[in-house]
Structure formats: structure tokens, C-alpha cells
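Undergrad: Provided below for reference: sequence and predicted model.
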Amino acid sequence: MWHMCRTVIVTLSRAKGKDAEPWLGLTAKGGTCAVIVMGSFGDNEANGNVATPTSLQKRLQGSLFGGGNPHYDIPELLAMHKLGDLNLDADR
């Protein structure tokens, strides 16, 4: 039996717009494909069938810094580290 993924997370160093169709192909009806990848701002081509993700209610979601706010999050993480609540020095 074949099951589609409710959430697909794409993490690559580089991608092109034409690469999105296979990722959406793995995504289940009503699912989300989160793209955490750098592309070129000059690449404005995305080939694929628009009807399929529309009719299956699939979402293609971009993410930068995990949707966080580095101006807020980094000082918070450093404060947690200074209090001993976030151990950044431990071996893996």
C-alpha cells in the first residue's frame, strides 16, 4: 500500500523552480511541502500542473530562518544559555 506524506520538508543547498513538482508529488491531499532551500532570485520558472495541487489542496510553504525572528530569537537563546537553560557546549 502506498501512502503519501502529510508533510514534506525539503532542505537542499540550491534548487530551481522546476524542482517543486516532484516534492509536491510526495505530498498528500491537504498536506504541506515546506521548502527550506536557497534559490536564485533570477530563476522565475516553475513548470508543472497547477490543477493537481489546487484540487488536492496541497500547500507549498517557504521558510526563512524557520519562520523565526533572528533579532529576537538569537538574544533569547543567548540569555537562556547564560542562565544554563540551553547547553550549547555539550558533546553530541
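TA: Received the coordinates, thanks.
Undergrad: List of residues touching the helix or strand of the chain with the lowest mean pLDDT?
TA: In the chain, no helix or strand scores lower on mean pLDDT, DSSP states H and E than helix 51-55, which sits at a mean of 80. When contacts are defined by C-beta atoms under 8 Å, 6 or more residues apart in numbering, helix 51-55 is touched by residues 24, 27, 58-60. Backbone N, C-alpha and C define where each C-beta goes, glycine included.
Undergrad: List only those of these flagged as buried.
TA: When neighbours are counted using 16 or more other C-beta atoms under 10 Å, the contacts of helix 51-55 contain these buried positions: 24, 27, 58, 60.
Undergrad: Max pairwise distance over the residues you listed: which two?
TA: For the buried ones among the contacts of helix 51-55, the maximum inter-member distance is 8.4 Å, found between T27 and L60 (C-beta to C-beta).
Undergrad: any residues in contact with both of these two?
TA: Applying C-beta under 8 Å, 6+ apart, one finds that T27 and L60 are jointly contacted by 33, 53.
Undergrad: I appreciate the help and will end here.
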